[in-house]
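Peer 1: The sequence and its predicted three-dimensional model are supplied below.
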2 protein chains.
Amino acid sequence: MLFGALEAGGTKMVMAIGDENGRILEQRSIPTTTPEETMPQIIEYFKERLTEDGIKALGVGAFGPVDVVKGSPTYGHILNTPKLAWKGYDLAGTLEKALGIPVGLDTDVNGSCLGEMTYGCAKGLDTVVYITIGTGIGAGIAVNGKLLHGMLHPEAGHILIAKNSHDPGRSVCPYHDSCFEGLASGPSIEARWGKKAVELVDNKVVWELESDYIAKGLVNMILTLSPQKIILGGGVMHQEQLFPMIRSKVTTLLNDYYTTKELMDMENYIVPASLKDDQGIMGAVRLAQLAWEEA
Amino acid sequence: MLFGALEAGGTKMVMAIGDENGRILEQRSIPTTTPEETMPQIIEYFKERLTEDGIKALGVGAFGPVDVVKGSPTYGHILNTPKLAWKGYDLAGTLEKALGIPVGLDTDVNGSCLGEMTYGCAKGLDTVVYITIGTGIGAGIAVNGKLLHGMLHPEAGHILIAKNSHDPGRSVCPYHDSCFEGLASGPSIEARWGKKAVELVDNKVVWELESDYIAKGLVNMILTLSPQKIILGGGVMHQEQLFPMIRSKVTTLLNDYYTTKELMDMENYIVPASLKDDQGIMGAVRLAQLAWEEA
């Protein structure tokens, strides 16, 4: 059985066809410009596969903020985004109308979380956090086996964390003086040190500070959500030297207040994404399957 | 139909009998000393009501950390608490064995959250945060209509928040230099100003600082959990002047990044507990009912 999958990102749209085991059979990317330019290409891609492959449903993991609360009057719409051309755009509705198949929608990071829970390192767990640290910071969260929406969806990349007194830079977030994304995203590294993360690999001070901020963000998510596993993806996390530093700092910051068997096994608790950067598109395949089962 | 309810606190044990509508028919408190001294009194109380009232099950909201994860080998046990006499004590198992009726267990704050969702101001909502700010700070959390446990249970009273540069005091938490409980609990107010909260009612500086810390804690929970409502209980929150200050500071800190209809209606978003400090014991009645339905 085949499904369509769309990872709708701020810079590119990844379209794919996958099967019920999450296997990706083909994949194509196009740049994200305006709905007028981008959407017809997406619709054409899936329309062709509708006839040829008989895809049953489409799953969409979208950049946010996006209304993922079923029953809301603006369900499926992109909300108050700085990408102005997309503000208020009915992403899910447009796709459903054009393709005539069920469309399952969630945030890109919730999609990645679902991908890891269905096909990856979080299989069998029910309370999981997936965090992407790259151009921005975002968190996908599942509790009791279901993705978390609440009144909208998590925006945990913007939780407030204390600025380190040794930090020579400042928060790059236009909204918050001292938030996780503002202090620890890729652009914050570049703004602080004048170089991109990949050019700073051997600079220990950079990764000491970066791991300090990431550990602070993670500690707050651990104490709030009590997740069974935390998965870190995104461009900055390709710096694998960060993992042992983050694990050690999280342990120090928790300071034995909170002891569980999961926290005693840090190597399996705070882990890299396990699906070779396909967690998002594989999660979108799963969103399609769930939409089809529900329809 | 009648149920037993126990609010197992660090300083007192509240025992009650309630009906399926959460109505409390009788209630009694005893001090919490040691299991040897306290437990026989609790068991005797409920054993009498077992015969006289025919209570069907017992619900327990317990101080933590406590193992509330069903299937865990230490399910029902009090864990690594500073109340050493209770460390490792099998609270749920002892009660179940002595009474021979189903026992439903959760944390005290999850119990309060459930009480508000079943009988109080959060009726009909599915993603809710209940925070008690008193001797300590604790959070009960429900997502998609179910209480959050994950690997153990939330300990969101200890999330790290930035210390205010004008704060003349310091964190009173023995574990964390700069956490919510350490900076904003009742004991932190007393340590900082040399007086109890109730003696400081007219001192504006006290409540400016206190509401600043509470707002920072709430912003992180809003961005992580996206709750439909936040309910504030506990002794410190009897200072009602805090509510408008907290609401205004939360709005300022979020800085229009995250806009939802709930956040535009702050008076109904951040609210006092609605059950006259009975949210905990009423929640325990509901825990009993759920345990009975499951058995």
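Peer 2: Noted; the coordinates are in hand.
Peer 1: Could you say which helix or strand holds the spatially most central residue of chain A?
Peer 2: Nearest to the geometric centre of chain A sits A:Val109, at 2.2 Å (CA atoms, centre = their mean). Element membership of A:Val109 [criterion: DSSP states H and E] is helix A:108-119.
Peer 1: can you pull the pLDDT of A:Tyr257?
Peer 2: Here the pLDDT value assigned to A:Tyr257 is 86.
Peer 1: Could you check how many residues crowd around it?
Peer 2: Neighbourhood size, A:Tyr257 [other CB atoms under 10 Å in any protein chain shown]: 17. C-beta here means a position set from N, CA and C on the backbone, and glycine is covered the same way.
Peer 1: I'd like to know how far it sits from chain B.
Peer 2: A:Tyr257 sits 4 Å away from chain B, taking CB to the nearest CB, to the nearest Å as the criterion.
Peer 1: Pull the contacting residues for A:Val68.
Peer 2: A:Tyr75, A:Leu105, A:Asp106, A:Thr107, A:Asn110, A:His149, A:Leu152, A:His153 (CB atoms under 8 Å, 6 or more residues apart in numbering or on different chains).
Peer 1: That one belongs to a helix?
Peer 2: No: applying DSSP: H, G, I helix; E, B strand; the rest coil, one finds A:Val68 to be coil, outside a helix.
Peer 1: What is the burial count for A:Asn164?
Peer 2: A:Asn164: 15 neighbours (other CB under 10 Å).
Peer 1: Spit out the contact partners of the residue nearest to the centre of chain A.
Peer 2: A:Val109 neighbours (CB under 8 Å, 6+ apart): A:Gly61, A:Tyr130, A:Ile131, A:Thr132, A:Gly138, A:Ala139, A:Gly140, A:Pro154.
Peer 1: same thing with A:Leu254?
Peer 2: A:Val219, A:Ile222, A:Leu223, A:Leu263, B:Tyr175.
Peer 1: Tell me where chain A has strands.
Peer 2: A:2-8, A:12-19, A:24-31, A:58-62, A:103-107, A:128-133, A:137-143, A:146-147, A:229-233, A:270-272 (DSSP state E).
Peer 1: Now these in a markdown table, please, with extra columns for mean neighbour count.
Peer 2: As requested, those are exported to a markdown table (neighbours: other CB atoms under 10 Å in any protein chain shown):
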| stretch | mean neighbour count |
| --- | --- |
| strand A:2-8 | 27 |
| strand A:12-19 | 20 |
| strand A:24-31 | 13 |
| strand A:58-62 | 30 |
| strand A:103-107 | 27 |
| strand A:128-133 | 28 |
| strand A:137-143 | 28 |
| strand A:146-147 | 20 |
| strand A:229-233 | 23 |
| strand A:270-272 | 19 |
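Peer 1: Looking at the contacts of A:Leu254, which is nearest A:Asp126?
Peer 2: If you rank these by distance to A:Asp126 using CB to CB, A:Ile222 comes first, at 15.9 Å.
Peer 1: Count residues in the vicinity of A:Tyr243, would you?
Peer 2: No Tyr there; residue A:243 is Phe. So A:Phe243, with other CB under 10 Å, has 18 neighbours.
Peer 1: Which residues of the stretch 1-150 of chain A lie near chain B?
Peer 2: Contact residues, the stretch 1-150 of chain A versus chain B (CB under 8 Å from any CB of the partner chain): A:65, A:79-80, A:126-127, A:139, A:141, A:143-144, A:146, A:148-150.
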